[in-house]
Structures are given as structure tokens and as C-alpha cells.
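Undergrad: could you look at this predicted model? Sequence included:
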Amino acid sequence: MRKRIVVTGLGCVSPLGNDVPTTWNGIVNGKSGIDRITKFDAAAFRSQMAGEVRGFDPTPVIPEPEQKKMDLFIHYALVATAEALKDAGLTIDDELSYDAGVSVGIGLGGLTTIEKYHEVYMERGPRRITPFFIPMVISNMASGQISMYFNCRNYNTSTTSACASSNHSIGDAARIIERGDAKVMIVGGSEATVTPLGIGGFAAMHALSTRNDNPQAASRPYDRDRDGFVLGEGSGILIIEDYEFAKARGAHIYCELAGYGFSSDAHHMTSPSTEGPSRAMKLTLKDGECNPDELDYINTHGTSTPAGDINELKAIKLALGEDNAKKVSISSSKSMTGHLLGAAGGLEAIVAVKALENGIIPPTINIENLDPECDLDVTPNTARERPVRVAMSNSFGFGGTNATLVFKAV
């Protein structure tokens, strides 16, 4: 019999706030965390805005001497993990450490550090490159540092699959618990790519919004006038556990992580496919033993790109059937946070869990003129109360990689 897996802890650092309560409050109230870039002078860039993390201080979790040995994406991951473990009421002692693992998705890794030390090298030569450079930039060091800081001696890995990284990390970790190889997994994603190369690279692809005169209205999934996504940063971390273990220790259980599905488009580097995402959603529902008519809410990938948004809505119709698709509530929290790339799925899984816990459908903000091709309930501009028993979270990445999760009320 397959082991049940439950969510017991949530932690995040986001453009809306540096913890889950602040972030969720911002989402429910339709607040935008997007503004003009302050991390560097973006005047020469086509896109000059981002969902930046603000007022962030890792010192309560990471001693100051250690901070300079880590890139910012690692800082975000450690702080979010500390919150998630506290929320779960879980201390990983030496006995539990052998049954506790880490799986954190990262899209690009230590871009801040790469840019910084390239400049150091060009100006001052190779001897001025810090000996911590490699451990600062490699993607798996978010998981590695989490395992060291919080005493996790089990599975320890990082998935890098573009914008699907977090969902792959969460789903793959669930399989570890299902096999009986771990009791607890720290899962999610982290990203810190609001940098000149990060913004410049996506802008060069014409992927980013150029609504620089009104940044808070720039991320507008499903709006007729959307013109690209807005880059965000941060971390979303969840604690998932074997249900019997969580129950025995008296943990507060948010919900069950019931289904995980994945697929590959095998189609194009960046152009979306309808078949691949719809297949991932179907597989997720099958894995979670859910009928399409049981689904109450979908936190969509919904990036605010002209092609991607409508493509996903078509995929939802294929996966659920037209009638069921029109009954489900959907929304894109990226309208408020921007696109956190490898961390997107971690933060959005938290949003799906909180929607299920509170019976609130988060809004998609900035819909002024609904795209005529959008004929599903995208929860425009204002949150709505609705009982949520089953929630899905979609993540699709460059390279045609798709990963979807389903959460169920316990």
C-alpha cells in the first residue's frame, strides 16, 4: 500500500514579504510586490522592474561571518527553511536526521556571485577570486547548506529544470517518502536572479514586460494587453512527511500531497506545447486518485506572456474536459510576485496549500481587459471565498519540461 504524504510546514521569502503570513496576506488582498529595480541601475535595460525581496536580513538564521560564503539564493533558502521547520514544530535530532532529507529546486544558481567575481577577475586578476566561489554558485548548495544547518543526513539533492524545478523537487521527494526511504523531506525552491545578466538575458529574448511606467500593473496574466513576465526572486519551502510519522508526533497537518505528474513536450526550447502540460495534469490527477470534476482550484503557471497563458488554458481544457474546466477556479499569483523561475513552484505550492486551508481563491490582479480567448474563471482582481478540497499547482519550464502537483484536504 502506498504511503500517504502530508504537508506540515511552510516557509517563504518573497517580493510580498519575508514570511508566509505576510506573503499570504498580500496575495489575498491583491497586493503587487513588483516595482522598479533597486539592486542595480536598470536605466539602460528594456525592462526595468522586478519582484525584489526587500528588508531581508538572514542574520537570525545565518551568522554574519558565514553569510559571505553563500550566494543570496542560499540565504533565501535557509531563512525559508527555518520558518517552515518552526511552523512544522519539527526539530531534526540525531536519530531523525537519518530519515530527513532535502530536495530544493534551483533554476540558475548563484548568478549574483558569478557576476561579482567576473568583475573582480577582470579588474584584479584570478588571485582575487574567493575560494568560496564554487560552493557559492553551484545549485545544489542550497540543499547542501540546508542539510548541514538543520541536520539532514538522508537524500540531499537539487533539481534544475528551469521554471519546473521546484515542482520536480517536491514530487521527486514525495517518491522518496513513498518508497519508505525517508520520513521527512524539506522541499521547494529558491532563486536570486534579479541581476544585470538575469534581467538582460530575459529582456534580450523579449520575454519580459516593458511596462516600466507602471511596474505594479506590469504582470497581468490573461489580460488582453499583457506583454511579458516580470522577474521575481525568493524562496518557497515546504515540510512534507510520511502521514503516519506526522500523525504519531502530533503534527499540524495542512493537507495531503496526493498527486505528482510530469511530462516533456519534446517540441521546442521555449515555445509552449498544449499536449505536454495537459498530459502532466492528467497524470497528476491519476496519481492523486482524483476525478477532473473534484478539482476546485488551480494555481496556474500563468506567467503573463501572450502565448503561454492561453496555451495553458487550452491545456487545462484538454486535461479536465471543457465542462469541468469551466467549473474550476484558477488564478496566477505571479500577477503579484512576478516569476520566481526555479523557486516559482515552491512559492505557488504554498499558495495552493493556503487556498485549501482557508477556502479562499487568490486573485489574478491587473486584469483590466480580459483576453477574449480566455473563457475560464481566472478570478480577476479580487479574492473569492470558495470551499477548496482539491488544489493543483502547475509549473512549466524552458526545454518543454512540465511538473504538476495536487493537494487534498485531509
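TA: Arrived safely.

Undergrad: and the gap between the nearest residue to L340 once chain neighbours are set aside and S304?
TA: Sequence neighbours aside, G232 is the residue nearest to L340 in space, at 4.5 Å (criterion: CB to CB, 6 or more residues apart in numbering). All C-beta spots, glycine's among them, are computed from the backbone N, C-alpha and C. Distance, G232 to S304, using CB to CB, to the nearest Å: 11 Å.

Undergrad: overlap in contacts, these two.
TA: The contact sets of G232 and S304 overlap at K334, H339 (CB atoms under 8 Å, 6 or more residues apart in numbering).

Undergrad: which parts of this structure are strands?
TA: In the chain, the strands defined using DSSP state E lie at 5-13, 35-36, 49-50, 100-105, 156-157, 184-191, 234-242, 255-264, 297-299, 329-331, 360-361, 384-385, 390-397, 401-408.

Undergrad: make CSV from those and add mean neighbour count to it.
TA: Shown next, in CSV, are those (neighbours: other CB atoms under 10 Å):
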stretch, mean neighbour count
strand 5-13, 27
strand 35-36, 15
strand 49-50, 28
strand 100-105, 31
strand 156-157, 18
strand 184-191, 34
strand 234-242, 31
strand 255-264, 22
strand 297-299, 29
strand 329-331, 24
strand 360-361, 22
strand 384-385, 12
strand 390-397, 28
strand 401-408, 28
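
Undergrad: if we compare those, which one ends up closest to C374?
TA: For the strands of the chain, the distance to C374 is smallest for strand 329-331, at 9.9 Å, taking CB to CB.

Undergrad: what's the closest one in contact with?
TA: The contact list for strand 329-331 (CB under 8 Å, 6+ apart) reads 296-300, 302, 316, 361-364, 376-379, 384, 386.

Undergrad: per-residue confidence at M269?
TA: pLDDT, M269: 70.

Undergrad: OK, contacts around S263?
TA: S263 makes contact with G276, P277, R279, A280, L283, N402, according to CB under 8 Å, 6+ apart.

Undergrad: 10 Å - rerun?
TA: S263 sits next to 273, 275-284, 396, 400-404 when contact means CB atoms under 10 Å, 6 or more residues apart in numbering.

Undergrad: filter those residues down to the ones in helices?
TA: Under the assignment DSSP state H, the contacts of S263 contribute E275, G276, P277, S278, R279, A280, M281, K282, L283, T284 to helices.

Undergrad: that older thread, which among the contacts of strand 329-331 count as buried?
TA: 296-300, 302, 316, 361-364, 376-379 (16 or more other CB atoms under 10 Å).
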